[in-house]
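Trainee: turn this into a structure:
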Amino acid sequence: MRSDRIKRGPERTPHRALLYATGICKRDMAKPFIGVATSFSDIIPGHIGMRRLERFIERGIASGGGVPFFFGIPGVCDGIAMGHSGMRYSLPTRELIADAVESVVKSNCFDGLVCLTDCDKITPGMVMAIARLNIPSIIVTAGPMISGRYRGKKLSLVRDTFELVGKIKNGEISAEEAGEIEMCACPGQGSCQGLYTANTQSCLVEVLGLSLPGCGTALAGFANKDRIALESGELIVNLVRREVLPRTILTREAFENAIMVDMAMGGSSNTVLHLIAMAHEAGIELPIDLFDNISRHTPRITSIEPSGDYLMEDIEWAGGVPVILNRLQSILKNCTTLSGKTINQIAREAKPYEDEIIRPMNKPYAHEGGIAILKGSLAPEGAVVKQAAVSSKMMTFTGTARVFDAEEKAMEAVMNKQIKAGDIVVIRYEGPKGGPGMREMLSVTSAIVGMGLGESVALVTDGRFSGGTRGPCIGHISPEAAAGGPIAIVQDGDIISMDIPKRTLDVKLSDLEIKQRLSKWRAPEPKVKDGYLARYAKFVTSASKGAVFSV
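Mentor: The predicted model follows:
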């Protein structure tokens, strides 16, 4: 066993003494040592219920014949970090998490690993560590939150709080009623109720084969999630004994299946960043164009907020990811999973029992997947749009640039009603290097929608968008402004044209004009000059490469 490096032989006498200090006994020395990376936190709603799941994981490891060792992993709630400088830390924590898991596992020579996670950057960070370490590992995601209720109406975080800001500003709702709604929108533990980044990641981890079937949509706080946690604890010991390694599961075909399910569900645009980064750690290259190629040939068979009106609880009651796999089985690539079943076997065993929440492929909500990759003079290396959340009226749009060098400046203009129909809001210097940290723009996009401009104003940025964003919002523009991409030289009044069906995004300037403007461009002073973000800005790569570190 890997743990023999710290517990076998006379030279390990001091190591065993320290291990005995933790309370283990002599017979435990013959058992597999299982690390449990837990991201429990009192401030992240998706993680506040993890103490109970930790108990069930612990039970499972013990009943399977292993010795559990828990250690903590940091995390950020994107919703709480949204709209201020704290969001700069969100994406960078993904690399911190991967490094922290690697450091603890390697230094303690664990035989296997369980990762307890749920939210946006924490889950991909865990997967990156698993791919890097390549020791037997399993992921338990803590599950989606159930919907809130207010006067008989279902509530969700994005549609009923973020978009409420614009309605308050427009005088469509009183501050008193808004206060009542904000108390009801998020009733308890779990990741936010729609198909935002956290829930998209949980589903895709299940498709990749790193979680047990059903884990991705099993609801937070429900007994089914407890049982999955216990079974995962038991299974990890078995995986250690059979030496089942993550890189035998994380194949190119498995990632293609994950992209396919992402497109079929209409998942978060952030999955482009995260899947590329996960694959990178597994030694697999996922070019950004692959996402668009798969999207063009994958029908969207669900309609979940923000693209539709269903919530994750509806997907769970309709059979979860296994039923989605069942619907897609004719185009899936057969891959192994750590459950011992192949993806196709899981798909065949699932039993669809209704045709609306998760539709058959011959009756889709849309004939293309949820995400499109756009290229053109404004985004030579690509940009990402969640086309599932764009109305048919706005699939093509030409407008006048309103340029802002920071999210706060754009938000101020929106709230002061300075943005008008026909404008394209350009937010730049918010990319991985320029932000630094590539902030999400949910506050701005939600305010635009809440003020009734969702079908007359577009937004483009080298930053990113929350999985809860809806409307014609194009992010991940690469190269970013801080790297001297064309978005750096756009000026107020320039004409920008987007055509999602044709996958184009252009600023209406001649090649000569673009070249002349770029020759005069000078990189601005870094926004952050010390601490982690300054180091992050030095090493992070382009969004089109997954915003991974270059070393």
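Trainee: now for this structure, the helix or strand with the poorest mean pLDDT.
Mentor: Using mean pLDDT, DSSP states H and E, helix 164-169 stands out as the lowest-scoring helix or strand of the chain, at a mean of 83.
Trainee: which strands or helices does it pack on?
Mentor: Helices and strands touching helix 164-169, by 3 or more CB pairs under 8 Å, 6 or more residues apart in numbering; DSSP states H and E, are helix 175-184, helix 442-450. From N, CA and C alone the C-beta is placed, and that goes for glycine too.
Trainee: output the first one as CSV, nothing but the C-alphas.
Mentor: So the one you mean is helix 175-184. In CSV, the C-alpha atoms belonging to helix 175-184 read as follows (Å, rounded to 0.1, in the frame of the first residue of the first chain):
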residue,chain,number,x,y,z
ALA,A,175,-38.5,47.0,-0.9
GLU,A,176,-40.8,45.3,1.7
GLU,A,177,-41.9,42.6,-0.7
ALA,A,178,-38.4,42.1,-2.0
GLY,A,179,-37.3,41.6,1.6
GLU,A,180,-39.8,38.9,2.1
ILE,A,181,-38.8,37.1,-1.1
GLU,A,182,-35.1,37.2,-0.2
MET,A,183,-35.9,35.4,3.1
CYS,A,184,-37.7,32.6,1.2
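Trainee: in it, what counts as buried?
Mentor: With burial defined by 16 or more other CB atoms under 10 Å, the residues of helix 175-184 counted as buried are 178, 181-182, 184.
Trainee: hey, where'd the strands end up in the stretch 251-400 of the chain?
Mentor: For the stretch 251-400 of the chain, the strands defined by DSSP state E, counting those that start in this stretch occupy 372-376, 379-385, 396-404.
Trainee: mind checking the ones you listed for the one nearest to Pro299?
Mentor: strand 372-376 (14.1 Å; CB to CB).
Trainee: quick one: contacts for the most centrally placed residue in the chain?
Mentor: Geometric centre of the chain, nearest residue: Thr197, 3.6 Å, by CA atoms, centre = their mean. Thr197 makes contacts with 78, 120, 268, 270-271, 466-467, as judged by CB atoms under 8 Å, 6 or more residues apart in numbering.
Trainee: ok, it to Asp99 distance?
Mentor: According to CB to CB, to the nearest Å, Thr197 and Asp99 sit 21 Å apart.
Trainee: can I get the CA coordinates of stretch 190-209 in CSV?
Mentor: Taking C-alpha atoms only, stretch 190-209 is exported to CSV below (Å, rounded to 0.1, in the frame of the first residue of the first chain):
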residue,chain,number,x,y,z
GLY,A,190,-27.6,22.8,-1.1
SER,A,191,-26.2,24.2,-4.3
CYS,A,192,-28.4,26.8,-6.0
GLN,A,193,-31.5,25.3,-7.5
GLY,A,194,-31.1,25.8,-11.3
LEU,A,195,-28.6,24.3,-13.7
TYR,A,196,-25.9,26.8,-12.7
THR,A,197,-22.2,26.0,-12.5
ALA,A,198,-22.3,23.9,-9.3
ASN,A,199,-25.1,21.6,-10.4
THR,A,200,-23.7,21.3,-13.9
GLN,A,201,-20.4,20.2,-12.5
SER,A,202,-22.0,17.6,-10.2
CYS,A,203,-23.8,16.1,-13.1
LEU,A,204,-20.7,16.0,-15.3
VAL,A,205,-18.6,14.4,-12.6
GLU,A,206,-21.2,11.6,-12.6
VAL,A,207,-20.9,11.3,-16.3
LEU,A,208,-17.1,11.2,-16.2
GLY,A,209,-17.5,8.2,-13.9
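Trainee: and the average pLDDT for it is what?
Mentor: Stretch 190-209 carries an average pLDDT of 96.
Trainee: what does stretch 469-480 give?
Mentor: 92.
Trainee: just stretch 104-118 next, same as before
Mentor: Stretch 104-118 shows a mean pLDDT of 98.
Trainee: next, the distance between the ends of that stretch.
Mentor: 20 Å (CA to CA, to the nearest Å).
Trainee: ok, now stretch 257-274?
Mentor: 15 Å.
Trainee: so Cys203 touches Leu325, yeah?
Mentor: No. Applying CB atoms under 8 Å as the test, Cys203 and Leu325 come out as separate, 10.3 Å apart.
Trainee: mutual contacts of those two, please.
Mentor: Taking CB under 8 Å, 6+ apart as the contact rule, Cys203 and Leu325 both touch Val261.
Trainee: kindly provide the distance from Ile427 to Gln387.
Mentor: Taking CB to CB, one finds Ile427 at 20 Å from Gln387.
Trainee: my bad, Ile138
Mentor: 34 Å.
Trainee: let me know the pLDDT of the spatially closest residue to Gly233 that is not a sequence neighbour.
Mentor: In space, and not counting its chain neighbours, Gly233 is closest to Gly60: 2.2 Å by CB to CB, 6 or more residues apart in numbering. As predicted, Gly60 sits at a pLDDT of 98.
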